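**Student:** how would this look folded up:
(chains A and B)
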Amino acid sequence: MNNTTIRSIHRSRHSWARTRKTLLDILWYVVVTFLALCVMVPFIWMIVTSLKGQNEIFTYPPTWIPQDWQWKNYVDVWQEAPFGRYFLNSTFVALMVTVGQLTSCILAGFAFARMEFKGKNFMFLLFLSTTMISSQVTLVPSYLIMRSLNWIDHYQALIVPFLANAFGVFMIRQSFRSVPREMEEAAKLDGCGRLRFLVQIMLPLCKPILASQALFAFMGNWNSYLWPLIVTNQDDMRTLQIGLRYFVSGEGGTKWGLYMAAAVLVSLPVIIIYFLVQKTFVESMASTGLKDI
Amino acid sequence: MMKFKFSFIFILLITMLLSACGGGNETGGGGGSIDKEGNITLEFWYALGGDSGEAVKELVARFNESQTGITVIGTYQGDYTTAMAKVYSAITGDTVPNVAQLGGAPLLGTSGAILSMEEIMSADESFDPAVIRTAFWDYNTAGGEIWSMPFNNSVPILYYNKDLFSAAGVDPNSPPQNLDELLTIAQALTISSEASGGTTQWGLNTRPDTHWYLSTLILENGGQIVNEDETEMLYNSPEAVEMLQLWSDWVNTYKVMPINQHEEALTDFLAGKLGMLIGSTSMARSIKEQATFDVGAVMFPAVGDERQVPLGGGSLVIFKNGDQRLVDASWEFVKFMVSRDSSIFLTSQTGYIPIYADAMDWDEVAGLVAENPLRQAGFDSLPNTVSIPVFSALGNSDLALQKAVEQVELGAATPQEALDAAKTSVDHAIETQFSTE
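**Tutor:** The predicted model follows:
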């Protein structure tokens, strides 16, 4: 066998490998596109429906492009309920809860991960056990607490009960534990205090988990319905999810076009936020530090 | 330095939270308030959304304009289930409103939080209970006492697709009047073929509140739901079993009704894939607006000649209050909400049926039929309206009946077995959860 033959064999092998790679890439993109479509269809359907008139919504076969564009639905939504106020309330409450929850979870997570104190493990288990109690069970007792604090119809009732979150503490503790102890010792040697170590070294290292915890807190609060409904009586204090529900009627008479227009408005901020923190969020999902409990 | 900054931010955060909203009005011993000039503000909670919610809002606005001295603030509190959860929280926390519109309202009578509507009514000579149909009063009675005021009520009727009737060679102007005709027409409407992979068009289906429609059949067949003492379920009787057997035959023998697809029934009907839909009159307006075909509606099919349609819907209750002036104002508001004009308005904006005994003679009601012929079926049903006794375990009973229907449709139990099981579970619930001893 001479050199030329060997080279040509090499070349053909090489080009076969490249073709294979391209084929796999194409297949991969087909699969990913399909999955992306599956996720997107409900959103697209929501937007399409929000632009349809009442008599077009249930037509069969379904239409993907509205025959008669009803931009009016969006105007009507703003007129039928004080959505501006709801937006303000939801945004304020969700932001406060996110900031507050993150602060408390970081501090508690740090204590559980890095500090030694009596009854630490017991306290931590006690914390975790609260995640097993469903919110329905605590609904009335929590309501009574709000009532005795005179917080009904006040922002405090919407915010304060959510400032602590056991799952968040757990997540953040786990990720703090994955930071090498040597780092803390090195920082200490250089005269760095605990709080400074937490803020300047720990937090930047655990950014992905903090971002995802923030997103969970924000979305969870943005989407909550029953609690805000129970603790508020005035329209002025209500949040978007309650406004959304108002367009639905179990006994007929649901205004689907308006309902979907409102749904678009309500889900938009969450979608935008997701896009903004998407990268860090995905990172944290891939590297959730569940080892070494 | 860092430590200082951090705690500063933390304190700032807490301060912001606590000062986020100051003020707000104080209420004690029931909702509502009276200012120095004697102007009354009432709190009113309602559980209707969509078109019905809009109608309620408009009625509240009309009441506020109709007089000076009383201002009602109406707030939507979620659907019947959520609103009831909210009311129970409010009762334990003593933050009840003055008036509420709720489903299953008379059962609140046992909570001790509401006033007897019967007592309030009898103290007011200007209000004559006889103008309202007896069945509506029965619907608001629990333990022999009228606790609530009938407000938005509906009965089951049959909607049908006239275009599909014509296509199947059935006269679109002679819809089924009884169960035999119902089955014959349902068979004519059902289209199925091996080639297209099963049934492409169904003859008949009902909305998801199957317990209501099965109850209607049981009553029409001479059966009963509960005994007079409200301690024992009676729906494993031969009359009831016969009706559930018939239901089973629709699904499993004649295959005119899909198995356990009640959630999709309305969508299928509006998409023109279902010939006949059993549902509430409350949908008369929305179905008319949403359908792209010619729709008809007719009374719920009779069993033989027997027609009995049990009422559904919500009612108004007045909560106890430390201040008699607030109670009086609440009663004024309730009277306004069920006045002749309000009743006509509510019916015109929704599919609810008028509560007045002589409503059929009103010119306005004839006008409403002209505007939407689907309403006729509900109005025709008025003389046959009845009420299923409102007893403590009614919620359990509804769920037990729904489960029985589901089991029979899926072939998991015979009608007798399913109804026996339903009876046993509800009897047990009455004995253990609701017994007063």
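**Student:** Residue 158: helix or strand, and which one exactly?
**Tutor:** Went with chain A since none was named. Using DSSP states H and E, residue A:158 sits in helix A:155-159.
**Student:** ah, I was thinking of chain B
**Tutor:** Using DSSP H and E, residue B:158 sits in strand B:156-161.
**Student:** After that strand, which helix or strand is next?
**Tutor:** Toward the C-terminus, strand B:156-161 is succeeded by helix B:162-167 as the next helix or strand (DSSP H and E).
**Student:** list the helices and strands that following helix packs on?
**Tutor:** helix B:179-189, strand B:295-299 (3 or more CB pairs under 8 Å, 6 or more residues apart in numbering or on different chains; DSSP states H and E). For every residue, glycine as well, the C-beta is placed using N, CA and C.
**Student:** And chain A, is the longest one touching that?
**Tutor:** It refers to helix B:179-189. No. Applying CB under 8 Å from any CB of the partner chain, one finds helix B:179-189 separated from chain A by no less than 15.9 Å.
**Student:** What strands line up against the helix or strand that that helix is followed by, and which way round?
**Tutor:** Proceeding N to C from helix B:179-189, the next assigned helix or strand is strand B:191-193, under DSSP H and E. When pairing is defined by DSSP bridges, strand B:191-193 lines up against strand B:198-206 (antiparallel).
**Student:** quick one on the thing from earlier: for the strand holding residue B:158, packing partners?
**Tutor:** Using 3+ CB pairs under 8 Å, 6+ apart, strand B:156-161 is in contact with helix B:210-220, strand B:274-280, strand B:295-299, helix B:375-381.
**Student:** same question for that strand, mean pLDDT?
**Tutor:** What strand B:156-161 shows for mean pLDDT is 97.
**Student:** Keeping just the C-alphas, turn it into PDB.
**Tutor:** Written as PDB, here are the backbone C-alpha positions of strand B:156-161 (Å, rounded to 0.1, in the frame of the first residue of the first chain):
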ATOM      1  CA  PRO B 156     -80.900  21.600  33.100                       C
ATOM      2  CA  ILE B 157     -82.000  21.700  29.500                       C
ATOM      3  CA  LEU B 158     -81.000  20.100  26.200                       C
ATOM      4  CA  TYR B 159     -79.100  22.100  23.600                       C
ATOM      5  CA  TYR B 160     -79.000  20.700  20.100                       C
ATOM      6  CA  ASN B 161     -77.300  21.400  16.800                       C
END
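**Student:** Sticking with the most centrally placed residue in chain B, tell me its helix or strand.
**Tutor:** With distances taken as CA atoms, centre = their mean, residue B:313 lies nearest the centre of chain B, 2.6 Å away. Using DSSP H and E, residue B:313 maps to strand B:312-318.
**Student:** Contacts for that strand, please.
**Tutor:** Strand B:312-318 is contacted from outside by A:251, B:47-48, B:80, B:98-103, B:105-106, B:108, B:114-115, B:117, B:120, B:139-140, B:147-156, B:209, B:212, B:280, B:282, B:327, B:330-331, B:334, B:337-338, B:352, using CB atoms under 8 Å, 6 or more residues apart in numbering or on different chains.
**Student:** who in the stretch 51-200 of chain B is up against chain A?
**Tutor:** Selection of the stretch 51-200 of chain B residues close to chain A by CB under 8 Å from any CB yields B:51-54, B:73, B:75-80, B:82, B:85-86, B:88-89, B:92-95, B:97, B:154.
**Student:** ok, then the element right after the lowest-mean-pLDDT helix or strand in chain B?
**Tutor:** For chain B, counting by mean pLDDT, DSSP states H and E, helix B:2-18 ranks last in confidence among helices and strands (a mean of 47). Once the chain leaves helix B:2-18, the next helix or strand it forms, by DSSP H and E, is strand B:33-34.
**Student:** following that following strand, which helix or strand shows up next?
**Tutor:** strand B:40-46.
**Student:** Now that following strand: average pLDDT?
**Tutor:** 96.
**Student:** How many residues are close by residue B:175?
**Tutor:** 22 (other CB atoms under 10 Å in any protein chain shown).
**Student:** Could you export stretch B:379-396 as PDB, keeping only the C-alpha atoms?
**Tutor:** Output in PDB follows, covering the C-alpha atoms of stretch B:379-396 (Å, rounded to 0.1, in the frame of the first residue of the first chain):
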ATOM      1  CA  PHE B 379     -88.800  29.400  30.800                       C
ATOM      2  CA  ASP B 380     -90.900  26.300  29.800                       C
ATOM      3  CA  SER B 381     -89.300  24.400  32.500                       C
ATOM      4  CA  LEU B 382     -90.400  26.800  35.300                       C
ATOM      5  CA  PRO B 383     -93.600  25.100  36.200                       C
ATOM      6  CA  ASN B 384     -91.700  21.800  36.700                       C
ATOM      7  CA  THR B 385     -88.900  23.200  38.900                       C
ATOM      8  CA  VAL B 386     -88.300  21.300  42.100                       C
ATOM      9  CA  SER B 387     -85.500  21.400  44.700                       C
ATOM     10  CA  ILE B 388     -83.400  18.600  45.900                       C
ATOM     11  CA  PRO B 389     -83.400  18.900  49.700                       C
ATOM     12  CA  VAL B 390     -80.400  20.900  50.900                       C
ATOM     13  CA  PHE B 391     -78.700  18.700  53.500                       C
ATOM     14  CA  SER B 392     -75.300  18.700  55.200                       C
ATOM     15  CA  ALA B 393     -73.600  16.100  53.000                       C
ATOM     16  CA  LEU B 394     -75.000  17.500  49.700                       C
ATOM     17  CA  GLY B 395     -71.400  18.200  48.500                       C
ATOM     18  CA  ASN B 396     -70.300  14.600  49.300                       C
END
